[in-house]
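J.: pasted the sequence and its predicted model underneath.
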There are 2 protein chains.
Amino acid sequence: MRRYTLLIATLCLFDLAAKADEGMWTYDNFPSARVQSQYGVKIDQPWLDRVRTATVRLAGCTASFVSKDGLILTNHHCVEGCLAENSSKEKSFIEDGFIARDREQELKCATQIADVLVAMENVTDKIAAATRGLDDRAANDARKRTLTELETECEKSSGLKCQNVALYNGGQQFLYKYRRYTDVRLVFAPEAAIAAFGGDPDNFQYPRWCLDMGLLRAYENGKPVQIAAPLHIDFAGPKENEFVLVSGHPGSTDRLLTVAQLRYLREVELPQALLRSSELRGRYIQFAKTGPTARRIVQDPLNGLENSLKVRRKQLDALLEEALMNQKIRDESALRAQVAASPELKTIGDPWADIEKALATQRDLALEASYIEGAAGFNSRLFRFARTLVRAAAEREKPNGERLREFTDAALPRVRQTLAAPVPLYPELERLTLSFGLERMREWLGPDHPQVRALLAKDSPDSLAETLVGGTKLADPAVRLALWDGGRAAIDASTDPMIKLARETDAAARVLRKRVEDEVEAPINRAEEKIARARFKLYGTQVYPDATFTLRLNYGTVQAWKEKGVQLSPYTRLGTAFARATGQAPFRIPDSFERVKEKLDLATPVNLSTNNDIVGGNSGSALLNARGDVVGLMFDGNIHSISGAYWFDTVKNRSTAVHPAIMREALSKVYGANAILAELERR
Amino acid sequence: MRRYTLLIATLCLFDLAAKADEGMWTYDNFPSARVQSQYGVKIDQPWLDRVRTATVRLAGCTASFVSKDGLILTNHHCVEGCLAENSSKEKSFIEDGFIARDREQELKCATQIADVLVAMENVTDKIAAATRGLDDRAANDARKRTLTELETECEKSSGLKCQNVALYNGGQQFLYKYRRYTDVRLVFAPEAAIAAFGGDPDNFQYPRWCLDMGLLRAYENGKPVQIAAPLHIDFAGPKENEFVLVSGHPGSTDRLLTVAQLRYLREVELPQALLRSSELRGRYIQFAKTGPTARRIVQDPLNGLENSLKVRRKQLDALLEEALMNQKIRDESALRAQVAASPELKTIGDPWADIEKALATQRDLALEASYIEGAAGFNSRLFRFARTLVRAAAEREKPNGERLREFTDAALPRVRQTLAAPVPLYPELERLTLSFGLERMREWLGPDHPQVRALLAKDSPDSLAETLVGGTKLADPAVRLALWDGGRAAIDASTDPMIKLARETDAAARVLRKRVEDEVEAPINRAEEKIARARFKLYGTQVYPDATFTLRLNYGTVQAWKEKGVQLSPYTRLGTAFARATGQAPFRIPDSFERVKEKLDLATPVNLSTNNDIVGGNSGSALLNARGDVVGLMFDGNIHSISGAYWFDTVKNRSTAVHPAIMREALSKVYGANAILAELERR
């Protein structure tokens, strides 16, 4: 049975809901009554408060506080960026892993942050008041201005990090208030060979054997943060069919999109992104073959790319499935019929048609916007620094409310942190990605497009990339900070070729951005709000909002599924990993494990499968039992879970967790990380 | 106005036909009366016979005899394979071009052939008789057996090359009889920089400035072939709006596919092929950056890959256009309604549903079949030699009629020619493609697929490719011929690792092939025949068959089109090419032109645009005026022409030709190829 119908079906809402464990619930709308009646488990307010304050949001991932001294448990792939930042051409912490034997050895993660959600304020009415009576474009501008003002006020009055969250496609507007930690350090990571055993071939597959764990620690004023109520790890793990929950920050789902929006994804966005990523993957892989240094420095970007490639490929597959699309068409027709039949609702007009019209404009603008404003044509971290510096200099001169949203006062500290971070940048890799971006921009926009012509009238993509990467000094954080601190005068005076490129392309890029905001974003936002309000009138909060990389809680049970008629077990064991190893990456068990193989309990469970409804961003989330103890560490979904972007398939959509037993086995017998293990076991 | 409706519309057939110049007509069904009434031009039987016997089919391209001494005019990109085969790591004829100053300097094209169509025999009734009363699978087998017998008899009795051609999706079966020349030599090719000026970015674009020409010569018994009536080149070229024709071998169109078949292309075949090609493109490009040798040896395969990538990308775009698909749906419904309303036709049942059912099976089989039987997983020219040798040894022991069709007596000489050809093979490139194939096979079939597991249980794609390519001796044509001549005993005894791989994978590959033949091909062939017969009953031969890389003639006029509201000129001029050059590949004008720029007439037309309905395979076709003189050399279509795979858009579908004036200007002033020019000008 497929469950998407729940979202917009008109009958039997509770009945349907009771049958499956779908849903990414906000903490203020968790269906505790339903859980109590279905599972006999009481999830009360103290339980919710305790788990919420121990749940951490990292950049792109979730994590949990698991010791009173601020130890943070997350996935290896969530600390991979920190490992890469601390690596060099000669030494890869991704390949070799890392253990801090004492606090002094813990390594700073220069671009990492850790947020804990403290409060949620509903500001829907304030936004509605600020946009009432305005046309689409003016409303879009007013919404942004108002949100900037609300965030700034909130930060001033609370001392917290305040961020707008649009739930139900803008049907509800919130301010989420976080306690933010900006000093986050690396404590432990195993070798990638065991953390991501099976590599890309096994990514999103199950059965699976990955020790995808990493440990960080939050610091404040140079000292470990003290956590009153960290989560306790139950190393025994959960039983089959046991009731479990996942607290975390699912990144993004598109379950509420209109049919026209899904078609746009299917026909324009996903195919274009897939073609681009596939070629870049080929370039990365071939580059890696030029030597061990190349292999090391490309590892982190290649891992990220291959993950997104698999996700998008299976998303496209999902959207090409006629059954899914037909269901979406039926559901949308039903909702439109209800709206048309309601004297009150039919005043919203035809927002579906408005969206379709805006998407036609987007089809015309998308390529240019993506290559020039989205900087796919200047695909380089050095260029992104330059763009940020050039824009920030211009934006910081404006009143806070009139700036681009990524340069408001509330946003600036994080921007500065990123610029100041002493992260390694490899010119070989910058040239590769930049030349690739320029070449594809010329292909897709055409050699006669004015921006392309201006850049490549006397250059090839390779020669231009060489000049830019060879000439820029932006790899040096001191240079970046000097330009940041120098403001517009410093930017205007700069002869750095990358700054020059960012300056010269900025006007054209801003024009495209404004056109997209006015002609695509504004009417779509307005139309989505109308649909969301209609849905709200009809279904209330019996439904959950699409994922927005904000805190959610969901529930389910430990279970696998039937694949091609064969019932899979919800647990995998260590012995099977050894049997499956080929000795060659990515199916090589690292020496650290091979050396102690005789001492290891090969029956130790490694990974487990549950039917929780999770998605990218949930990586690193704790799997919790009814008591709120950690019984697993979410790190992936099965291949069917990728269609979860558009609907939840209760029959086959499964998530995958690291079993706590393998964490203890490895920390103790493989890594001898006894101090860390003791800290995890302390209550 | 779009014209696909002609094919299956029920009314106003002639009216519609008169409005546009669509159609790839067989020489026995050319609409001479319609042309006479519409353009006042008489295309009579002597005209047709003369042009037919001067039209040449090359491997994958078209060409024309243009001198009494067997000189063959075609595109540069049609002789690129020959240039690559004569090149080495040190010397690239693709980059440098080639001029034979006398007959002795002409270079053998080891794998090239030249075919001239001599006769066409309708064998529809013979096939019908052989398959009558049989079920789908038995009919499929019987059809192949009968075709093998017919071809063999035909070759014995005529001394010609006889090949089956299924027109109208099997509605008509023919034997086409060719005079074949197997000694084809290279006479002239300009540098790729001017032949393909603009490279991949400009491919399928117009305006355009390409000297995409090449000259070959056919030999027999060591002497140039004598041609009684070669085509004459009119170097003045055609006027705007002049009536013109194209005689050639369009490769393949899918205008008669059912809606279900088009959806299969859109959802399965094209996306998978595009992802694969995109990544391989990235690998090739990155490999090329490792040095000038790498750049030289990858040039020919990269060009081919990028061409197919652009074609498939725009084909996918076409199939994602709702207007096209809706038209196909309407047309199909109309045909089905007519069939259902006809007491005679409705006896065919529901072949559309049969096709849909077979396609569901194909969805399940396609990946395995493509990686294992299609050898995408063993992506290497060396493996393809091995597969051919292993299969040929087994097949040649069987009676002719029971062999796989590519190993019948009629097919063997060409197979042997390919094996014997002394073509360069670059181990670096073989390792690249083979490792890529193995890695993607593991990704798409999964690491636990039995074939994958058998190959990669203790190897990585790289290490296995290294072992296979490093160990095989099949790069040596003498080794290949020894295995060919030695037959099964030699194959069984061989310890060559590539032969071993081909031997060990052959059984599994054959199983997949047989399943595809029985469960997909057989029911689809039968259903397509039924639909074709129904169409024939309703519309007769007022319609033309899909392209099948067999001889066709079509007509049109010299004209461009309006692009985004701007009327383009049907001619481009040499001066504009110089203005557009950047000095960097692929927009670099070669030194040979730059050196003599002062002497060149910059007003010389370079390329021209017509509305002829052509497709890949037509490359190298002569553009003819009403007298049958050559007034251009087809080498491309505009970007809109790619949707011609599925329908003909009379408003925007245009083809592109090299203007004869630039050929003369270049041969005379740039290359000083006066002997060649004199031979072309001699009547």
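T.: Okay, I see it. Residues are numbered from 1 along each chain as shown, chains lettered A, B, ... in the order given.

J.: and A:V187, helix, strand or coil?
T.: strand (DSSP: H, G, I helix; E, B strand; the rest coil).

J.: near it, how many other residues are there?
T.: For A:V187, the count of nearby residues is 24 (other CB atoms under 10 Å in any protein chain shown). For glycine as for every other residue, the C-beta is placed from the backbone atoms N, C-alpha and C.

J.: over to the one 5 residues further on?
T.: Residues within reach of A:A192, counting by other CB under 10 Å, total 26.

J.: A:G282 now?
T.: Neighbours of A:G282 using other CB under 10 Å come to 25.

J.: pLDDT wise, what is the closest residue to it other than its chain neighbours at?
T.: Excluding the flanking residues, the one nearest A:G282 by CB to CB, 6 or more residues apart in numbering or on different chains is B:G282, at 2.5 Å. Note on B:G282: pLDDT of 98.

J.: and A:F14, by the same measure?
T.: 35.

J.: likewise A:A18?
T.: pLDDT recorded at A:A18 is 33.

J.: same deal with A:A63?
T.: 98.

J.: where along the stretch 401-550 of chain A do the helices fall?
T.: Secondary structure of the stretch 401-550 of chain A, counting by DSSP state H, counting those that start in this stretch: helices at A:412-420, A:427-445, A:450-456, A:461-471, A:477-493, A:497-516, A:522-539.

J.: buried residues in the shortest one?
T.: Put plainly, it is helix A:450-456. For helix A:450-456, burial by neighbour count (16 or more other CB atoms under 10 Å in any protein chain shown) applies to A:Q451, A:V452, A:L455, A:L456.

J.: how about these in CSV, adding pLDDT?
T.: Output for the buried residues of helix A:450-456, formatted as CSV (pLDDT from 0 to 100):
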residue, pLDDT
A:Q451, 95
A:V452, 97
A:L455, 96
A:L456, 96
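
J.: closest one to chain B out of those residues, please.
T.: For the buried residues of helix A:450-456, the closest approach to chain B (CB to the nearest CB) belongs to A:L456, at 6.3 Å.

J.: wait, what's in contact with the residue in the stretch 351-500 of chain A positioned nearest to chain B?
T.: Chain B sits closest to A:S460 of the stretch 351-500 of chain A, with a gap of 3.8 Å, by CB to the nearest CB. The neighbours of A:S460, taking CB atoms under 8 Å, 6 or more residues apart in numbering or on different chains as the test, are B:T582, B:Q584, B:A585.

J.: intersect those residues with the contacts of chain A.
T.: B:T582, B:Q584, B:A585 (CB under 8 Å from any CB of the partner chain).

J.: give me the buried entries from the residues you listed.
T.: By 16+ other CB under 10 Å, the ones next to chain A among the contacts of A:S460 give B:T582, B:Q584 as buried.

J.: of the ones next to chain A among the contacts of A:S460, just say which sits nearest to A:G470.
T.: Using CB to CB, B:Q584 comes nearest to A:G470 of the ones next to chain A among the contacts of A:S460, at 16.6 Å.

J.: phi and psi next, for whichever residue of chain A sits closest to chain B.
T.: Residue of chain A nearest chain B, by CB to the nearest CB: A:G282 (2.5 Å). For A:G282, the backbone dihedrals are phi -60, psi -40 (criterion: degrees, to the nearest 10).
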